[in-house]
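Participant: Fold the following for me, if possible:
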Amino acid sequence: MSQLQTIGIVTHSERPHAQELGREMLDFLHAHNLQTWLTDDWTPQAHASLREHPDAIVAIGGDGAILRAVRACAPYGVPVLGVNMGYLGFLTAITDPQTWQENFIALLEGHYWIEERMMMNAQVLRDGASISSHQALNDVVISRDAAGTILLQLYIDGDWATTYHADALIVASATGSTAYALAVGGPILPPELRNFLIVPVAPHLSMDRPIVLSEGATVQVVVSAERPRESVLRLDGVEITRLKPHDCVVIQASELSGRFVRLGQRNYFYRSILDRLEPRIHNYNIPAKLKFT
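Facilitator: The predicted structure is shown next:
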């Protein structure tokens, strides 16, 4: 494994403990003679530092912060090392931030590997013209904007497949199969797969089973004019645009890949996810007895 020379650190701007941890990491990397920088700014202007092609980025936060870092780093091929400061941390390599120092030592000694995961490209067509195009790692979700359901026409490789009368429709990657799609009953896909998973949310009198598509499939979702409600397109949980009747969302495998720095064994996935799915009880300072007076 090649020697790391430049490592950037990005922290969650609204988590003071993440910023404090980032400064400790900065001092540690400087002490080991590595070039490094620290930021909590992930606006497009801040991405200029990625054009200098650092060897890796350390992203401190929850899965949302990791997703944001991966989307920013993907065009430059820069891998991301996630440090969990959130709740689940499905995408993080360091799940316990208190162990960061020993993990960094392993990293600098070359005990790591790079995992690549498929990303998705979602393009919105309106009146036959493209109005936006964005990348996602987890999922593309078309959901209702207000009360009531939406009507969505699903096409696979250009052929009509079915019509969903539902609260939302999720098109997920294998990575996203452990996110929103899992929460509504979808299956878990191994992260190395390049398949799409389609899962409706609260379908009513329509197809209610998840569908796994073959690698290389193209998904088109058309907002039906028969139920003219405005709907919302979200990628990785971020609102992208409002959709109108007849709008078409075209989803394909992206040319970009999400790259992750991994410190554990290559067969880490199943043990990692099962550890998170096993029942856990948290107190969260819940009072032992409710008082109504």
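Participant: Check what contacts stretch 86-97 and list those residues.
Facilitator: Stretch 86-97 has contacts (Cβ atoms under 8 Å, 6 or more residues apart in numbering) with 21, 60-67, 70, 81-85, 100, 103, 175, 178-179, 260-264, 272-273, 276. Placement of C-beta: from N, CA and C, glycine included.
Participant: For Met25, see how far away the residue nearest to Gln220 when sequence neighbours are not counted is.
Facilitator: Leaving aside its sequence neighbours, Gln220 sits nearest to Tyr155 (Cβ to Cβ, 6 or more residues apart in numbering; 4.0 Å). To Met25, Tyr155 is 47 Å away according to Cβ to Cβ, to the nearest Å.
Participant: Compare neighbour counts for the two and give me the winner.
Facilitator: Met25 (21 against 16; other Cβ atoms under 10 Å).
Participant: Now that one: closest residue in space, sequence neighbours ignored.
Facilitator: In space, Met25 is closest to Ile9, 5.6 Å off (Cβ to Cβ, 6+ apart).
Participant: Break the chain down into its structural domains.
Facilitator: 6-112+263-277, 119-255 (automatic domain parsing).
Participant: Can you say which of these is nearest to Lys289?
Facilitator: domain 6-112+263-277 (26.6 Å; Cβ to Cβ).
Participant: Next, work out how far apart the residue nearest to Ser177 when sequence neighbours are not counted and His12 are.
Facilitator: Of all residues not flanking Ser177 in the chain, Leu189 sits nearest, at 4.2 Å (Cβ to Cβ, 6+ apart). Leu189 is 28 Å from His12, where distance means Cβ to Cβ.
Participant: For the helix or strand hosting Gly8, name the packing helices and strands.
Facilitator: Element membership of Gly8, judged by DSSP states H and E, is strand 6-11. In terms of contacts (3 or more Cβ pairs under 8 Å, 6 or more residues apart in numbering; DSSP states H and E), strand 6-11 is packed against helix 16-31, strand 35-39, strand 56-61.
Participant: and the angle for the longest one with strand 35-39?
Facilitator: This means helix 16-31. If you take axes from the mean of the first three to the mean of the last three Cα atoms, to 10 degrees, helix 16-31 sits at 170 degrees to strand 35-39.
Participant: just the angle between helix 16-31 and strand 56-61, please?
Facilitator: Using the same axes, to 10 degrees: helix 16-31 against strand 56-61 is 160 degrees.
Participant: any idea how far helix 16-31 is from the chain center?
Facilitator: In terms of Cα atoms, centre = their mean, to the nearest Å, the centre of helix 16-31 is set 24 Å apart from its chain centre.
Participant: same question, stretch 219-235
Facilitator: For stretch 219-235, the distance to the chain centre is 22 Å (Cα atoms, centre = their mean).
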